[in-house]
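In: with the input below, show me the fold.
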Amino acid sequence: MMLLNTILPLLLSFVLSGPEQLRLQQDIQKDADLLRSSRYFISDNTSETASLQTIQNDLQLFGLVSNLDLSNATYSERQQGPHQVKQWKFDEGDLYSITQIESNIHLDTVITQRYLENRPPSQHRITNDFTFRTYQVATSSDPDKLVYLTEAEQGLLAYKLGEKRVEISYTSPKRGLNDLLPEYKEEVQKLLKDYSSSIR
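Out: Numbering: from 1, shown residues only. Now for the predicted structure:
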């Protein structure tokens, strides 16, 4: 609640029109619908009683970000490998930038499955296509203030609100997701650090 009270006036000062090229609003709605129809576990470093309701409450803040007026921001776009990076920078105020990274990744790998029983390990080939989108909101004092990670078919995977970190683990994950996700997170984190290195 303290975080919401701190950042809410900042965001409201920019809320004027629609999301333009920012896809966050559509993703929030999609993810909310998927969460209501999926089974999952929630990891929240600030609470042992995290629930769908607490996630919905947190997503209200991301909803405000999705409705910011971007017409006065400086827009840039770059393709880096499978990652399309879009960024909006603000010249004034505490809000520094909003970054959207859309990543289209084809997974084609072989994994080795080992068993507890006295059975030899077996190898399985996994192929699948993923579309990830990562959003980062940077302020003048914190380059990583808000972060939101989603996959087009699976839904919400993780988000960060200040010191609060939440991860969603699905009981029936998309094939190959758990094999790809750690590497993807690491790669995108490096990208975000590059883009937020010039904080005012």
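In: next, the contact list for the residue of the chain most remote from its centre, please.
Out: Distance from the C-alpha centroid of the chain peaks at Asn118, with 40.7 Å (CA atoms, centre = their mean). By CB atoms under 8 Å, 6 or more residues apart in numbering, the contact set of Asn118 is empty. Using the backbone N, CA and C atoms, a C-beta is placed for each residue, glycine as well.
In: and stretch 36-44, end to end?
Out: 18 Å (CA to CA, to the nearest Å).
In: and the residue nearest the centre of this structure?
Out: By CA atoms, centre = their mean, the most central residue of the chain is Leu149, 1.6 Å off.
In: so that one sits against Leu157, correct?
Out: Yes. Contact between Leu149 and Leu157 holds when scored by CB atoms under 8 Å: they sit 4.7 Å apart.
In: tell me which element the nearest residue to Gln100 once chain neighbours are set aside falls in.
Out: Closest residue in space to Gln100, ignoring its immediate chain neighbours: Lys86 at 4.6 Å, by CB to CB, 6 or more residues apart in numbering. Assigned by DSSP states H and E, Lys86 belongs to strand 83-89.
In: the residue nearest to the centre of the chain bridge partners, please.
Out: Beta-bridge partners recorded for Leu149 (DSSP bridges): Thr134, Ala158.
In: which residues does it contact?
Out: Taking CB under 8 Å, 6+ apart, one finds Phe132, Arg133, Thr134, Tyr135, Leu156, Leu157, Ala158, Tyr159, Lys185, Val188 in contact with Leu149.
In: helix, strand or coil for Ala32?
Out: helix (DSSP: H, G, I helix; E, B strand; the rest coil).
In: can you tell me how far it is from Pro143?
Out: 27 Å (CB to CB, to the nearest Å).
In: neighbour count: those two, which is higher?
Out: For the pair Ala32 and Pro143, the greater number of neighbours falls to Pro143 (19 against 16), based on other CB atoms under 10 Å.
In: so how far is Gln100 from that one?
Out: For Pro143 relative to Gln100 (CB to CB), the value is 15 Å.
In: repeat that for Arg36.
Out: 25 Å.
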